[in-house]
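Enquirer: got a predicted structure here, sequence first:
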Amino acid sequence: MRPEYTNLTHMNANKTSILLIYTGGTIGMMENPDTGALENFNLEQLQKHVPELERFDFTIDTYTFDPPIDSSDMDTESWRKLVEVVSTHYEEYSGFVILHGTDTMAFTASALSFMLEGLDKPIILTGSQLPIGVLRTDGKENLLTSLEIAAATHEDGTPMVPEVCIFFENHLMRGNRTTKINAEDFNAFRSFNYPSLATAGIHIKYNLPQIHKATGSVLKPHYLLDTNLTVLKLFPGISEPIVHTVLHTPGLKAVILETYGSGNAPSKPWFLEALKEASQRGIVVVNVTQCNAGMVEMERYETGYHLMQAGVLCGYDMTIEAAVAKLMFLLGHHYTPNEVRHLMMKSLAGEVTL
């Protein structure tokens, strides 16, 4: 695959080069003066709206999804395309910045963290709440800082942040630890259970102890994903027929159980028996909390202990986005249910605190 590139700048004093990938989303949209509707604009016009790009002392090439994809329409095929673009041109660039719609950005970041095994270069996802052509846009600063972070290196030339991240509103966060929390504010993302990797103020301050270290690994891209899973969110009064129907969905291989607090769920016999029976049929059931912050501790209360006895796995502090992407990744590689359970209890890409 050889994408068509648009070169934004040829200043390359330090031989650093970044590939800017536009998948779609608000950041790359313009307001139609006649209708007021938001429409995708050609990324070749980016330099017009962000002239500061000329001041970078490294090359920026661009690759645009054609057609651009609204983040609500992002799916596993889109993730595979991103992996293909990165892996095909991995040796050509020092880092990658992906412009992405905000609604599913955390899902994409989580998926890429598993699909790009051995990643040793920065992949920074960013976007905006307002189009980059709007006067008060947050997109310009998000874009410029993401590019600067993607190009940043240590004194020995190794990348400063060689992992998949999300940068938004002055915070760089590990991608598979991040979730969208706000549809209105510029501060739209948060990493509740893992510290920010960097903060951008007058200077960009890197939290080096929390950042993955470059290891010289060889990139191994993965494309196998299996979407035969579901999320079952608990609520007071959830009925037995609904739970039964969900757990007997044809082809179902895994369930993410969104529980209360530190991993609590109803202790009704029918509920626990339904989970036990599903687990015995080979369905992998993972317990994650509905709370934004904190973690599942299934031994803390009796209700959590009952879930353990029913074969439910502890999801610790995984986000729902990371749990979905990780299960798709593991199921796609045709592991047995017991192998999936074993790997769900390991940190594969820094996605969980054990």
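Expert: Thanks, I have the structure now.
Enquirer: you'd agree Gln47 is up against Glu54?
Expert: Yes - at 7.2 Å, Gln47 and Glu54 qualify as touching, with contact defined as C-beta atoms under 8 Å. Every C-beta, even on glycine, is put in place using the N, C-alpha and C of the backbone.
Enquirer: have a look at these two and say which one is more surrounded.
Expert: Taking other C-beta atoms under 10 Å, Gln47 and Glu54 do not tie; Gln47 has more neighbours (16 against 11).
Enquirer: list of residues touching stretch 141-158?
Expert: With contacts defined as C-beta atoms under 8 Å, 6 or more residues apart in numbering, stretch 141-158 is touched by 16, 18, 20, 27, 50, 52-53, 56, 58, 60, 94-97, 99, 122-124, 126-128, 132, 159-161, 165, 167-170, 172, 198, 200, 204, 206, 214.
Enquirer: I meant to write stretch 193-205 there.
Expert: With C-beta under 8 Å, 6+ apart, stretch 193-205 has contacts from 145, 148-149, 152, 161, 165, 167, 170-174, 177, 206-207, 210-211, 293-295, 317, 319, 350, 353.
Enquirer: give me the number of residues near Gly201?
Expert: Gly201 has 7 nearby residues by other C-beta under 10 Å.
Enquirer: let me know the helix or strand that the residue lying closest to Gln210 once chain neighbours are set aside is in.
Expert: With sequence-adjacent residues excluded and distances taken as C-beta to C-beta, 6 or more residues apart in numbering, Gln210 is closest to Pro195, at 5.1 Å. Counting by DSSP states H and E, Pro195 is held by no secondary-structure element, helix or strand.
Enquirer: please apply the same query to Val285.
Expert: strand 284-289.
Enquirer: tell me which other helices or strands that strand touches.
Expert: Strand 284-289 is packed against strand 254-259, helix 269-280, strand 313-314, helix 320-332, helix 337-344, with contacts defined by 3 or more C-beta pairs under 8 Å, 6 or more residues apart in numbering; DSSP states H and E.
Enquirer: in JSON lines, list the ones you listed along with mean neighbour count, distance to Asp226 and mean pLDDT.
Expert: Below are the helices and strands packed on strand 284-289 laid out as JSON lines (neighbours: other C-beta atoms under 10 Å; distance: least, C-beta to C-beta, whole Å; pLDDT from 0 to 100):
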{"stretch": "strand 254-259", "mean neighbour count": "24", "distance to Asp226": "9", "mean pLDDT": "98"}
{"stretch": "helix 269-280", "mean neighbour count": "16", "distance to Asp226": "17", "mean pLDDT": "97"}
{"stretch": "strand 313-314", "mean neighbour count": "22", "distance to Asp226": "17", "mean pLDDT": "96"}
{"stretch": "helix 320-332", "mean neighbour count": "24", "distance to Asp226": "4", "mean pLDDT": "98"}
{"stretch": "helix 337-344", "mean neighbour count": "16", "distance to Asp226": "10", "mean pLDDT": "97"}
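Enquirer: out of those, nearest to Pro68?
Expert: Proximity to Pro68 (C-beta to C-beta) singles out helix 320-332 among the helices and strands packed on strand 284-289, at 21.6 Å.
Enquirer: what angle do that closest one and strand 284-289 make?
Expert: Counting by axes from the mean of the first three to the mean of the last three C-alpha atoms, to 10 degrees, helix 320-332 lies at 170 degrees to strand 284-289.
Enquirer: can you list the domains in the protein?
Expert: Using automatic domain parsing, the domains assigned to the chain come out as 6-221, 229-344.
Enquirer: measure the residue nearest to Arg190 when sequence neighbours are not counted to Met173 for me?
Expert: Nearest residue to Arg190, sequence neighbours excluded (C-beta to C-beta, 6+ apart): Ile181, at 4.8 Å. If you measure Ile181 against Met173 using C-beta to C-beta, to the nearest Å, the figure is 12 Å.
Enquirer: same deal with Arg136?
Expert: According to C-beta to C-beta, Arg136 and Met173 sit 23 Å apart.
Enquirer: which one's more surrounded, these two?
Expert: Shown here are Arg136 and Met173; by other C-beta under 10 Å, Met173 has more neighbours (24 against 8).
Enquirer: the more buried one touches Cys165, doesn't it?
Expert: Yes - using C-beta under 8 Å, Met173 is in contact with Cys165, at 6.3 Å.
Enquirer: what ranges do the helices span in the stretch 151-300 of the chain?
Expert: Assigned by DSSP state H, counting those that start in this stretch, the helices in the stretch 151-300 of the chain fall at 240-247, 269-280.
Enquirer: neighbouring contacts of the last one?
Expert: What that stands for is helix 269-280. For helix 269-280, the surrounding residues in contact (C-beta under 8 Å, 6+ apart) are 240, 243-244, 247, 255, 257, 265, 285, 306-307, 309-312.
Enquirer: for stretch 336-346, same thing?
Expert: With contact meaning C-beta under 8 Å, 6+ apart, stretch 336-346 is reached by 253-254, 282-284, 286, 313-315, 326-327, 330-331, 335, 354.
Enquirer: again, but for stretch 68-83
Expert: By C-beta under 8 Å, 6+ apart, the surrounding residues in contact with stretch 68-83 are 21-25, 28, 40, 65, 98, 100-105, 107-108, 111-112, 115-116, 127, 221-223, 225, 227, 328.
Enquirer: and stretch 315-326, by the same measure?
Expert: 106-107, 109-111, 113-114, 176-179, 193-194, 229, 231, 256, 258, 263, 286-289, 294-296, 344, 348, 351-354.
Enquirer: before we move on, back to that, quick one: closest of the helices of the stretch 151-300 of the chain to Phe186.
Expert: Nearest to Phe186, of all the helices of the stretch 151-300 of the chain, is helix 240-247, at 36.8 Å by C-beta to C-beta.
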